[in-house]
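Novice: the sequence and its predicted three-dimensional model are supplied below.
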Amino acid sequence: MTTVHQIRRAQRADGPAAVLAIGTANPKGSMLQDDYADYYFRVTNSEHHAELKDKLKRICKKSGIERRYAHLDEELLSAHPDFSDRTLPTLDARIDMASAAVPELAASAAARAIAEWGRPVADVTHLVFSTYSGGKAPSADLRLASLLGLRPTVSRTILSLNGCSGGGRAMQLAKELAENNRGARVLLACCELTLIAFYGPQEGRLDTILGHGIFGDGAGAVIIGADPVDCIERPLFKMVFATQTTIPETEDEITMRLMKGGLDFHVSVRVPKLLKSNIERCLIDAFQSIGISAEWNDLFWAIHPGGRAILDQVEQLLGLGVDKLAASRRVLREYGNMSGATVIFVLDELRRRRARGEEVAEWGVMMAFGPGITIETMVLHATSILEEN
Ligand SMILES: CC(C)(COP(=O)(O)OP(=O)(O)OC[C@H]1O[C@@H](n2cnc3c(N)ncnc32)[C@H](O)[C@@H]1OP(=O)(O)O)[C@@H](O)C(=O)NCCC(=O)NCCSC(=O)/C=C/c1ccc(O)cc1
């Protein structure tokens, strides 16, 4: 007679979960970082806040960002001038806008990932969707499933308010799903639109200036599965080990809260230093857990580019060579911080760098940071060039 243990073993995948395909998308509208301060103070009728404008200009200059994308453009804003005033009740209108736009943008990214994956959309068994740009049910995951034509039995999970660590958390969840359900193919989508938290400057709220200086809109999608089908599926990164760490007593350093005027967020100036003091322990613990001794410079790195200062601190702490964070810096330069979706763009950039021979490390790390302060760490193993061919 079959035992429960045998049934359980048969239900599990044999190998580790792997990233099988990646797609990304951004809204059409974009703006050069050099022009942003003039734009922001003009469209929010805030020219009288001259000091805050100078501060935003300084932040933009030091941000390491050249361009950012946004769904909310001047035309939409002129139809919703109340968005500029955080004391007005605009949450309903923002949720309506996001409920339509978030799944649409996620669908563009997911369609690219599915095309690269090469299998029919009906083979997707699970959907994990991370977004804080919303606030109603049924949520963006259901709309995305319908836009893509996923089967009605697809198992959906929506993650919310994970902030910039949403992509990292979704990757960990997708890994668990893929490894614990033989044959599972997980579509992970992560999409954030800053329209949920766009408002004018306010004296005493310097984090508002920071946010408007570095955040951008984007969607990333990944197909994750174990035991790839020969000749069809090509694993890009095997997901070897994952952990989540919360830095004690940092609950107030990054916060988000839905208010009548939109999503109110706070990011303290201490964030880059707090991460610097805590990430090496996460890395040492992760590699010790899998019995690998790693030289930091021998790894590839997919660090969430939360801000230029975060990348600088990580690079300095670990003594990384100048090119080691090139994928993160390029994504920051071309798109800004797209919260949870950003790390998917970094993985996409890394696989391009590998294809061009610019990154040859076999082992690597993906890290994302969000409210908590939460650090999501995942050890990855890249498929070798030989295996790819
Ligand atoms: C590029 C920065 C902003 C500036 O570069 P720097 O080398 O530090 O330069 P400075 O030290 O000269 O700083 C320039 C100015 O920025 C100010 N600043 C420096 N961080 C700050 C600060 N968190 N507050 C408010 N002023 C600051 C800083 O005080 C200073 O002001 P001032 O002296 O008047 O020029 C750099 O500090 C940086 O990359 N910081 C990291 C940002 C960060 O923590 N990111 C991770 C968290 S992101 C997150 O949780 C997302 C939430 C979110 C929520 C909603 C959304 O829609 C989307 C996302």
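Specialist: Looks like it came in fine. Residues are numbered from 1 along each chain as shown.
Novice: how about the residues of the stretch 151-300 of the chain by the ligand?
Specialist: 163-164, 194, 197, 206-207, 210-211, 215, 254, 256, 263, 265, 267-269, 271-272 (CB under 6 Å from any ligand atom). All C-beta atoms are positioned from the backbone trio N, CA, C, and that covers glycine.
Novice: just the buried residues out of those residues, in PyMOL syntax.
Specialist: In PyMOL syntax, the buried subset of these is picked out as below (16 or more other CB atoms under 10 Å):
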select buried, resi 163+164+194+197+206+210+211+215+254+256+263+265+267+268+271+272
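Novice: so of the residues of the stretch 151-300 of the chain next to the ligand, which ones are in strands?
Specialist: Assignment to strands by DSSP state E places the following of these there: 254, 256, 263, 265, 267.
Novice: apart from its neighbours in sequence, what residue is nearest the fourth one?
Specialist: Taking CB to CB, 6 or more residues apart in numbering, and ignoring the residues beside it in sequence, F265 has M256 as its nearest neighbour in space, at 4.8 Å.
Novice: contact partners for whatever residue of the chain ends up closest to the ligand?
Specialist: Per CB to the nearest ligand atom, the residue of the chain with the smallest distance to the ligand is G307, at 2.3 Å. By CB atoms under 8 Å, 6 or more residues apart in numbering, G307 lies in contact with 63, 214, 271-272, 332, 337.
Novice: quick one: mean pLDDT for the longest helix along the chain?
Specialist: The residue-count maximum for a helix in the chain (DSSP state H) belongs to helix 91-117. For helix 91-117, the mean per-residue pLDDT is 97.
Novice: please apply the same query to stretch 125-138.
Specialist: Mean pLDDT, computed over stretch 125-138, is 93.
Novice: wait, does it contact the ligand?
Specialist: No. Counting by CB under 6 Å from any ligand atom, the ligand is not contacted by stretch 125-138; separation bottoms out at 7.5 Å.
Novice: count the residues that sit near V19.
Specialist: Around V19 there are 27 other residues, counting by other CB atoms under 10 Å.
Novice: quick revisit: as TSV, the ones in strands among the residues of the stretch 151-300 of the chain next to the ligand with pLDDT would be great.
Specialist: TSV is the format used below for these (pLDDT from 0 to 100):
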residue	pLDDT
I254	95
M256	94
L263	95
F265	93
V267	94
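Novice: format those residues as TSV; extra columns: distance to S84.
Specialist: Listed next are these as TSV, based on distance: CB to CB, whole Å:
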residue	distance to S84
I254	24
M256	20
L263	15
F265	16
V267	20
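Novice: check which helix or strand covers Q313.
Specialist: Under the criterion of DSSP states H and E, Q313 resides in helix 308-318.
Novice: immediately after that helix, which helix or strand?
Specialist: Taking DSSP H and E, what comes next after helix 308-318 is helix 326-335.
Novice: which helices and strands sit right next to that next one?
Specialist: Helix 326-335 makes packing contacts with strand 67-69, strand 300-303, helix 308-318, helix 342-355 when contacts are defined by 3 or more CB pairs under 8 Å, 6 or more residues apart in numbering; DSSP states H and E.
Novice: got the buried residues for the third one?
Specialist: Neighbour-count burial for helix 308-318, counted by 16+ other CB under 10 Å, picks out 308-311, 313-315, 317-318.
Novice: pull the residues that contact whatever helix or strand S146 lives in.
Specialist: Assessed by DSSP H and E, S146 sits inside helix 140-148. For helix 140-148, the external contacting residues (CB under 8 Å, 6+ apart) are 98-99, 102-104, 106-107, 110-111, 114, 121, 124, 127, 129, 131, 134, 150, 154, 156-158, 187, 189, 191.
Novice: likewise for stretch 317-326?
Specialist: Stretch 317-326 is contacted by residues 276, 279-280, 283, 296-297, 299-301, 303, 311, 314-315, 353, 358-359 when judged by CB under 8 Å, 6+ apart.
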